[in-house]
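Undergrad: with the sequence up front, the predicted model follows.
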Amino acid sequence: MQDVTSNDSISARPTPRRDPESSAAPTVSAGHDPGPAPVDLLRRLRARGAGDPVTHVERVPARVGVPAPWPAWAPSELRAAFARRGVVAPWQHQAEAATLAYDGGHVIVATGTASGKSLAYQLPALATLLADPRATVLYLAPTKALAADQLRAVAGLDLEGVRPACYDGDTPRAEREWIRRHSRFVLTNPDMLHHGILPGHAQWSGFLRRLAYVVIDECHTYRGVFGSHVAHVLRRLRRQCARFGATPVFVLASATSGDPATAAGRLTGLPVTAVTEDASPRGGVTFALWEPPLLPPDSTSPPVPAQAAGDHDAATDLVQVRRSALRETADLLADTVAEGVRTLAFVRSRKGAEVVAANARRALDDAVPGLGDRVAAYRGGYLREERRELERALLHGDLLGLASTNALELGVDLVGLDAVLICGYPGTRASLWQQAGRAGRSGQEALAVLVARDDPLDTYLVHHPEAIFGAPVEATVLDPANPYVLAPQLACAAVEAPLTPADLALFGDGAKEAIDQLVEAGALRQRPTGWYWRHRERPEVDLRGEGGAPVCVVESATGRLLGTVDGGSSHFLLHPGAVYLHQGVSYVVDDLDLADGCALVHAEEPDWSTHARDVTDLSVVSVRSYVDAGPVGMFLGEVDVTSQVVSYQRRRIATGEVIDTRPLDLPTRELRTVAVWFTLSPRSLTSAGVQQADVPGALHAAEHAAIGLLPLMATCDRWDIGGLSTALHPDTEAPTVFVYDGHPGGAGFAERAYGTASAWLRATRDAIAECGCETGCPSCVQSPKCGNGNNPLSKPDAIRVLDVVLENLPA
Ligand SMILES: [Zn+2]
Ligand SMILES: [Zn+2]
C-alpha cells in the first residue's frame with residue numbers, strides 16, 4: 001500500500017490547484033529551455049558506456065483527445081458548473097461511462113493517469129442529486145488525502161443542496177451528526193465504512209435509504225487480503241441498503257489493468273461493465289528500456305546488503321554481476337542535468353533516492369564545481385514547507401534534478417518534466433505509467449527511461465516491451481472466499497443484522513461453511529429467524545491486518561524505536577546475532593522477544609553479514625482444481641506450510657567467505673494457505689537432458705524465477721509469495737515446484753497464477769533464458785529471500801524444466 005499512503009497534496013503550479021477533471025497536463029513554468037529533443041538526448045546517453053544498455057525504444061505518440069457532446073440527460077446547471085471549471089465537453093470515455101451509470105448499470109472506468117476519471121462518476125451522481133432532491137451519494141477513496149481532494153473538486157462546483165462532506169476518523173464529533181442528516185455526497189474510506197458507518201447503520205438509515213450511487217475510486221488498490229476484506233464490507237453495505245429498500249449503482253475508477261470488469265465484479269459482487277478506451281489527449285514520450293551492463297568478471301563486487309542498496313529491508317547474500325540500477329540512474333541523472341534537462345528520478349526507497357542524488361551531485365561537482373547544487377533528494381518524510389520549496393525550485397529551473405521515492409505518485413501534482421528516470425520497475429503498470437506520466441508538457445516531447453534492477457521481472461520487462469506497451473495482463477486480484485476473511489466479515493455482518501439463508505448468496509462461496517464454523521465456535525446462535533451474534537462486544541476486525549503483528553526494533557542503550565519489521569519476516573531479519581541495517585546504519589540484534597514483539601539491538605558495524613536459513617515443510621491438504629497434461633500436472637489447492645528458522649551463517653563482507661554457521665532456537669510457524677504447483681515425471685526430465693543430480697537445482701531455480709515473475713500477472717509483490725521445490729514430494733510422489741500465497745487463507749495470487757499458468761511460466765522461462773549471465777544471477781534465478789542460500793541452483797536446467805512444462809501444458 002505504499003503507493004497510496006502519501007498525505008501530500010500539493011499543487012505544483014504556482015496558479016491554483018490542478019483541476020482533476022481537466023485532463024490536459026498543466027504547463028508548469030514558462031521560459032525554461034526544455035533542453036535537447038528526447039531522441040538526441042537518448043542518443044547521447046546511450047553513447048556514454050561501452051555497450052548499448054538500451055534494449056528497446058518505444059515512441060508513445062501524442063494522442064489527440066476525442067471529445068463527446070454532453071449527454072442529453074446532463075442538466076444545464078451541471079454543464080455550466082463544469083464549464084466554469086474549464087471543462088467544455090467530456091471526453092468520449094467519460095461520456096460513455098457516465099451514461100452507462102446514469103442508465104443504472106454498474107460500471108468501471110479503467111483508463112490512464114490524468115484521463116479525467118472523476119468526471120465519469122461526478123456527472124451521473126451529481127445529475128441524479130440535482131434531479132432528485134432526496135438522493136444521496138457515497139464516495140470511497142483508499143486515502144483521506146484523495147477524499148479531501150475530491151471534496152474540494154465537488155464543493156468547487158458549488159451546486160445547491162448537495163452539501164458534500166468528508167466523514168472519516170478526523171471528522172469532529174460535533175460535525176458528524178450534521179453530515180449524517182444533511183450531506184448528500186459523503187466522502188469516506190473503506191475503514192470508516194467498516195468501523196463507523198455500517199455498525200452505526202441505524203443513525204445512517206436516512207442516508208442509506210436514499211443511496212443512489214456508490215463511487216469507488218482508485219479501486220485497483222483493493223487487492224490481496226485487504227481487497228478481500230473490502231469486498232465483504234461492500235457486500236455488507238449492499239445488504240444494509242437492501243434492508244432499507246435501496247439498490248445503489250456502483251461506479252468504479254481504476255488504473256489500467258488486465259480484466260478490470262472481472263476484478264470489479266469480484267470486489268462488488270455485481271456484474272460490472274468496463275470502459276477502457278482512453279479518449280483524453282496526451283503528450284508524446286520517447287520511452288527507453290535500459291538494462292545495466294554486466295560487470296567484467298574480475299570486478300565482480302562483493303555481496304551487497306540489499307537494504308544498503310536501497311532495496312527491501314532484508315540482507316541478502318547475492319553477488320552482484322551487473323552494474324546496479326542505482327549507480328546507473330545516478331549517472332543518467334547527472335548526464336541529463338548536465339544537459340540542462342529538468343529530470344525527475346523515481347527510486348523505490350528513501351535511502352536509494354538519497355544515494356542517487358548524492359552520487360549525481362558528486363559526479364556533477366567533479367565536472368563543474370557547484371553544478372551539484374542543482375540536484376536534490378525528495379521524500380515523503382520532509383516537512384511540508386521543505387517539500388514546497390523543492391517543488392518551487394524545480395518548477396522554476398533553479399533545481400534541475402530531483403531523486404524521489406514514489407511519495408510524489410499520489411496526491412502531489414508535479415507534471416511537465418522534460419525527463420523521468422524510473423529506477424527499477426515500480427511493481428505495477430499503474431505505478432509505472434503514473435511515474436512516466438510526470439514527463440511531458442503539452443505540445444512538447446519528453447523522455448522516460450526504465451532502468452532495470454537485478455530482478456527477474458525487470459529482466460523480463462526490458463526484453464519484452466510488449467508487456468509494458470501492449471495490452472495489460474496484470475490483474476488486480478482478491479479472494480473474497482478466503483475463510484480467514486469471510487468468517488470475521490460474516491461476524492461483523494451478523495452484528496449489524498442477523499444473517500439469514502438469503503444472505504448466503506450475497507457473501508458467496510464458503511459462506512455457509514464459515515457460518516457453521518462460527519456457530520460451532522459459539523460466536524453465532526442459530527434461531528428460526530436466522531443466525532445471531534452472541535456476544536456483547538463487536539468482533540475486532542482490522543481490514544489491513546496481515547501476517548501477524550509487526551516487531552519493533554529498539555536500540556537497547558537509548559530505548560529509541562528504529563523501525564518495525566513485519567511479523568512474517570521477523571525471524572529471518574531479527575534473530576539473535578543478526579546484522580540489521582536501518583537507513584544505512586548497521587546494528588546487531590541482542591535479543592528477539594517474541595512475546596513482546598520487540599527486538600533489542602545495538603549499533604555495531606562488524607565485517608560480516610548474516611544470512612538466516614530455514615527449513616520449510618509443505619503438505620497438501622486438498623486439491624481444488626488440476627490439469628492433467630501427460631508427464632506434467634498443474635494443480636491449485638490448499639496447503640499447510642510449516643517453517644522454522646534454524647540457523648544463520650556469518651559471511652565476510654569483503655569476500656563472501658563463510659565464517660561459521662550458528663544454530664538458532666526459534667519456534668516453528670504454520671500457515672494454511674492456497675498454492676499452485678506443478679509436477680513433472682522423472683522420465684520427462686531425463687529425456688529433456690536434466691541429469692538426476694541436477695533436478696533439485698533445476699526445480700529450485702525455476703521456482704525462484706517463477707515467484708519473481710508472478711507480479712507480471714497479478715498485482716502482488718514477490719514478498720507476498722513463498723515457494724518450495726523438491727525432487728520428490730511425498731504428497732505428489734513426483735518432482736514438484738510449489739508457489740504459495742504468504743497470507744493465511746490465500747489472497748488470490750496463487751489462483752491467478754494457476755489461471756494464467758502457461759503465460760506466467762512462459763515469461764519465467766524467457767526471463768531466465770534472456771539474462772546474459774552464465775550461471776545464474778539475481779536478475780534471473782537467484783532470490784534475495786532464499787532460505788537455502790541460493791543453493792543448489794541450475795540455470796540451464798531450469799530452462800529445460802520449464803520447456804517440458806510448456807510443451808505439455810495447454811496454452
Ligand atoms: Zn542471470
Ligand atoms: Zn530458494
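TA: Ah, there it is. All of these numbers come straight from a predicted model, not from anything done at the bench. Ligands and ions are numbered 1, 2, ... in the order given.

Undergrad: does the closest residue to residue 218 other than its chain neighbours count as helix, strand or coil?
TA: The shortest distance from residue 218 to any residue other than its chain neighbours is 5.3 Å, reached at residue 142 (Cβ to Cβ, 6 or more residues apart in numbering). All C-beta spots, glycine's among them, are computed from the backbone N, C-alpha and C. For residue 142, the secondary-structure state derived from DSSP: H, G, I helix; E, B strand; the rest coil is coil.

Undergrad: surely residue 142 and residue 222 touch.
TA: Yes - counting by Cβ atoms under 8 Å, residue 142 touches residue 222, with 7.3 Å between them.

Undergrad: over to the residue nearest to residue 218: give its phi and psi.
TA: phi -70, psi -20 (degrees, to the nearest 10).

Undergrad: run a quick neighbour tally on whichever residue of the chain sits closest to ligand 2.
TA: Ligand 2 sits closest to residue 786 of the chain, with a gap of 3.3 Å, by Cβ to the ion. Residue 786 is flanked by 22 other residues according to other Cβ atoms under 10 Å.

Undergrad: which strand or helix spans it?
TA: Here residue 786 sits in a region with no helix or strand, counting by DSSP states H and E.

Undergrad: not counting sequence-adjacent ones, nearest residue to it?
TA: Excluding its sequence neighbours, the residue lying closest to residue 786 (Cβ to Cβ, 6+ apart) is residue 704, at 6.8 Å.

Undergrad: the one you found falls within a helix, correct?
TA: Yes - applying three-state DSSP, one finds residue 704 inside a helix.

Undergrad: shouldn't it be in contact with residue 724?
TA: No - between residue 704 and residue 724 there is no contact under Cβ under 8 Å: 11.3 Å.

Undergrad: which residue comes closest to residue 503 once chain neighbours are left out?
TA: Nearest non-adjacent residue to residue 503 (Cβ to Cβ, 6+ apart): residue 239, at 6.6 Å.

Undergrad: show the pLDDT at residue 379.
TA: Here the pLDDT value assigned to residue 379 is 63.

Undergrad: same deal with the one 3 residues further on?
TA: In this model, residue 382 is scored at 58, pLDDT.

Undergrad: now do residue 272
TA: 98.

Undergrad: residues touching it, list them.
TA: 106, 107, 108, 250, 252, 261, 264, 265 (Cβ atoms under 8 Å, 6 or more residues apart in numbering).

Undergrad: out of those, which are inside helices?
TA: Under the assignment DSSP state H, these contribute 261, 264, 265 to helices.

Undergrad: residue numbers of the stretch 651-800 of the chain in contact with ligand 1?
TA: By Cβ under 5 Å from the ion, the residues of the stretch 651-800 of the chain that approach ligand 1 are 771, 773, 777, 779, 780.

Undergrad: can you give me the mean pLDDT across whichever helix or strand residue 484 is part of?
TA: Using DSSP H and E, residue 484 sits within helix 483-496. The average pLDDT for helix 483-496 rounds to 94.

Undergrad: just how off-centre is it within its chain?
TA: The gap between where helix 483-496 is centred and where its chain is centred comes out at 26 Å by Cα atoms, centre = their mean, to the nearest Å.

Undergrad: could you list every helix and strand in contact with it?
TA: Under the contact criterion of 3 or more Cβ pairs under 8 Å, 6 or more residues apart in numbering; DSSP states H and E, helix 483-496 touches helix 224-243, helix 503-507, helix 511-520, strand 530-533.

Undergrad: need the three-state assignment for residue 351.
TA: helix.

Undergrad: where do the strands sit along the stretch 601-750 of the chain?
TA: 608-629, 632-652, 658-663, 669-680, 721-726, 736-741 (DSSP state E, counting those that start in this stretch).

Undergrad: with mean pLDDT added, can I get these in TSV?
TA: Below are the strands of the stretch 601-750 of the chain laid out as TSV (pLDDT from 0 to 100):
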stretch	mean pLDDT
strand 608-629	92
strand 632-652	94
strand 658-663	92
strand 669-680	95
strand 721-726	94
strand 736-741	96
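
Undergrad: just put the ones you listed in JSON lines and tack on distance to ligand 2 and mean neighbour count.
TA: Shown next, in JSON lines, are those (distance: least, Cβ to the ion, whole Å; neighbours: other Cβ atoms under 10 Å):
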{"stretch": "strand 608-629", "distance to ligand 2": "9", "mean neighbour count": "16"}
{"stretch": "strand 632-652", "distance to ligand 2": "12", "mean neighbour count": "19"}
{"stretch": "strand 658-663", "distance to ligand 2": "17", "mean neighbour count": "12"}
{"stretch": "strand 669-680", "distance to ligand 2": "15", "mean neighbour count": "23"}
{"stretch": "strand 721-726", "distance to ligand 2": "7", "mean neighbour count": "23"}
{"stretch": "strand 736-741", "distance to ligand 2": "11", "mean neighbour count": "26"}
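
Undergrad: export those strands to JSON lines and tack on distance to residue 571?
TA: Compiled in JSON lines, the strands of the stretch 601-750 of the chain are given as follows (distance: least, Cβ to Cβ, whole Å):
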{"stretch": "strand 608-629", "distance to residue 571": "7"}
{"stretch": "strand 632-652", "distance to residue 571": "4"}
{"stretch": "strand 658-663", "distance to residue 571": "14"}
{"stretch": "strand 669-680", "distance to residue 571": "7"}
{"stretch": "strand 721-726", "distance to residue 571": "13"}
{"stretch": "strand 736-741", "distance to residue 571": "17"}
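
Undergrad: this completes my enquiry, with thanks.
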